[in-house]
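> pasting the structure only:
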């Protein structure tokens, strides 16, 4: 093109106002710990902004378990019994909390798949930031998001008559266990997001392995009431380990022993081992995927 | 300017023998690529030729399987993070965040690029003005038009004033006016001393912006020079004939080849569309000669034009095949990225 319509030319930006390139790239590429933390903080802040501007997902994953809570508390509680001295509502609240984390954790994989899809990961990887900032920032913002959702649901449970039977420290401990479970699933979901790269596929790929795990666990009925073939599966399940630990903390060790035949410390050990395994393997796979680009 | 290890930090881009394979597919088969500091080099080629893979290696997003490359004087593998401190990248798919506002996007990239908070904010304000995005600064990017997004993407790449700027198909999908605006910006960046690597599918764009052009095909650089050098290889102009009856394509090709003294292989035919294109010398006589040749052969054209060489003509002249012919044989860049 040799001639340009003068009317079109007039709209061009006049006179770029640009300073010289920043000096000393080696210094700017250095990564002291304070800078790594700052990078993680920036990525976390960016993720949280996205959550606030996309309330659909957080509403979906909070309303849905809240409805479930109402169903269990007011409909099932009249027919479902789990033993003398314990209402079904008391029994099921920790399970609904843990199940909620499975919904919420899906958001991690969807967010990562979106970042890949939109080219945001390429943007981050082309900047001189800590490589870990992307995945650690994702975990940090997800933990906060999961924590807020768990607190909202606990408040709802208290409003409809759920009561902790153990005191404040144990109740807080239960919240921590629930959120920790969510973080483990988030790390799994993050790896799935990096591997399948498509937000729609992430939902199916996270749900298909996790949902059956929730049903074949101590979530909605004591293991002794499950079909015989299912009982060994349920006893070994990471979901059972998380729910039993949460129940032991919310309802007391004696109640847990009556329901599941295990002590709180045993359930807690199972949960800790499962947590380390899930987080360790998922993170290793996710980091490998992220490095490969 | 000299780095701490005595390397000339202003040395532009030097790539030697870059090789990249994705499984059985060799995306890059020994790419040599040089960009002198302060110049604009256009990297041209069809889809799947290796443009995007080359850019991804030079911007440290992908590790080469062979060869080496230095950007702004630093090795893209060994000193990858230092390279990242020297470059800006505007991707084919605008790498900006839909949920953040224009200002938030700029500040985020600036701060991750090591600008202090106040400097990043000040810098963002200047770029919002420069790119005429002031009115849209506090709107989420999902409300931006395609042209605005591209401007913001470019502004984000300029937050740290890179020594070397990579623009991967910066105007693809833009309306003519946005394209002209962006061309002006790129011209000004060049004038301010920024080294620029530009990929494009449009010869016209490279013609207008680039000091030199490298043509890539099948994972190799097959030609290098100024736009005039490349056009000289094609010949002055092209006569393109759309036939009334597409079955006449072979006959028309033979007649035109004989008239202009070319081997039939140099005439490009599209039997499906009934279009025959032949490189001809500059000037209107060629058009007259083409009409006579078709008349003698009793072939009726539906449309007959004399035009300047297109990228496709350059490709045909350089490689003996159309740019588009290669697409079915080679995976699209999207697939290459998935496999990466």
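Sure thing, it's come through. Model, not experiment: these values are computed from the prediction.

> which parts of the stretch 101-250 of chain B sit against chain A?
Taking C-beta under 8 Å from any C-beta of the partner chain as the criterion, the stretch 101-250 of chain B approaches chain A at residues B:104, B:108-109, B:111-115, B:126, B:129-132, B:140, B:156, B:158, B:160-163, B:176-177, B:180-181, B:184-185, B:188-189, B:192-194, B:204, B:207-208. In short, each C-beta sits where N, CA and C put it, glycine included.

> How about the contacts made by residue 156?
This is for chain A. By C-beta atoms under 8 Å, 6 or more residues apart in numbering or on different chains, the residues touching residue A:156 are A:66, A:69.

> You answered for a different chain; I wanted chain B.
Listed by C-beta under 8 Å, 6+ apart, the contact set of residue B:156 reads A:123, B:90, B:95-96, B:105-106, B:109.

> near chain B, anything from the longest helix along chain A?
The longest helix of chain A (DSSP state H) is helix A:88-118. Yes. On the criterion C-beta under 8 Å from any C-beta, helix A:88-118 is in touch with chain B at residue A:118.

> Give me the contacts around the host helix or strand of residue B:229.
Using DSSP states H and E, residue B:229 sits within helix B:227-234. Residues outside helix B:227-234 that contact it (C-beta under 8 Å, 6+ apart): B:203, B:206-207, B:210, B:213, B:215, B:223, B:279, B:308-309, B:313-314, B:316-318.

> The closest residue to residue B:13 other than its chain neighbours and residue B:208, how far apart?
Sequence neighbours aside, residue B:35 is the residue nearest to residue B:13 in space, at 4.0 Å (criterion: C-beta to C-beta, 6 or more residues apart in numbering or on different chains). As defined by C-beta to C-beta, to the nearest Å, residue B:35 lies at a distance of 17 Å from residue B:208.

> of the two, who's got more company?
Each of residue B:35 and residue B:208 has its neighbours counted (other C-beta atoms under 10 Å in any protein chain shown); residue B:35 has more, 25 against 18.

> Surely the more buried one is in contact with residue B:43?
No. Contact between residue B:35 and residue B:43 fails when scored by C-beta atoms under 8 Å: they sit 9.3 Å apart.

> Which neighbours do the two have in common?
Overlap of the contact sets of residue B:35 and residue B:43 (by C-beta under 8 Å, 6+ apart) consists of residue B:197.

> still on that earlier bit, from the contacts of residue B:156, which land in helices?
A:123, B:105-106, B:109.

> quick one: low-confidence parts of the chain?
Here I'm looking at chain A. A:1-23, A:293 (pLDDT under 70).

> let's do chain B instead
Ranges of chain B meeting pLDDT under 70: B:1-10, B:93-94, B:235, B:310-312, B:315, B:319-340.

> Give me the neighbour count for residue B:96.
28.

> That one contacts residue B:151, doesn't it?
No. Residue B:96 lies out of contact with residue B:151 (C-beta under 8 Å); the separation is 10.2 Å.

> circling back to that earlier point, going by neighbour count, which of the residues of the stretch 101-250 of chain B next to chain A are buried?
Applying 16 or more other C-beta atoms under 10 Å in any protein chain shown to these, the neighbour count classes B:104, B:108-109, B:111-115, B:126, B:130-131, B:140, B:156, B:158, B:160-163, B:180-181, B:184-185, B:188-189, B:194, B:207-208 as buried.

> So which of those belong to helices?
B:104, B:108-109, B:111-112, B:126, B:130, B:156, B:180-181, B:184-185, B:188-189, B:207-208.

> Quick check: residue B:70 is in a helix.
No. Checked against DSSP: H, G, I helix; E, B strand; the rest coil, residue B:70 lies outside a helix; its state is strand.

> what's the helix or strand for the residue nearest to it when sequence neighbours are not counted?
Leaving out its chain neighbours, the residue that sits closest to residue B:70 by C-beta to C-beta, 6+ apart is residue B:14, at 4.9 Å. Applying DSSP H and E as the criterion places residue B:14 in strand B:13-22.

> Mind telling me what element residue A:63 is part of?
If you go by DSSP H and E, residue A:63 is part of helix A:55-74.

> In terms of secondary structure, what does that helix contact?
helix A:88-118, helix A:132-159 (3 or more C-beta pairs under 8 Å, 6 or more residues apart in numbering or on different chains; DSSP states H and E).

> Out of those helices, which one sits most buried?
Of all those, helix A:88-118 carries the top mean neighbour count, a mean of 24, counting by mean count of other C-beta atoms under 10 Å in any protein chain shown.

> tilt between that one and helix A:132-159?
On the basis of axes from the mean of the first three to the mean of the last three C-alpha atoms, to 10 degrees, helix A:88-118 is oriented at 150 degrees to helix A:132-159.

> what's helix A:88-118 packed up against?
If you count contacts as 3+ C-beta pairs under 8 Å, 6+ apart, helix A:88-118 packs onto helix A:33-53, helix A:55-74, helix A:120-125, helix A:132-159, helix A:168-196, helix A:199-215, helix A:238-251.

> Go through the ones you listed and pick out the most buried.
helix A:238-251 (a mean of 27).

> could you check the angle helix A:88-118 makes with that helix?
Compare the direction of helix A:238-251 with that of helix A:88-118 by the same axes, to 10 degrees and you get 130 degrees.

> any chance you could map the helices in chain B?
Applying DSSP H to chain B gives helices spanning B:51-58, B:80-84, B:102-112, B:117-130, B:146-157, B:176-191, B:203-209, B:227-234, B:249-260, B:285-296, B:311-319, B:333-339.

> Tell me which residue is most central in chain A.
residue A:105 (3.2 Å; C-alpha atoms, centre = their mean).

> Just give the closest residue to it, not the sequence neighbours.
Using C-beta to C-beta, 6+ apart and skipping the chain neighbours, the partner closest in space to residue A:105 is residue A:185 (3.5 Å).

> contacting residues for that neighbour?
A:101-102, A:105, A:206, A:210, A:278.
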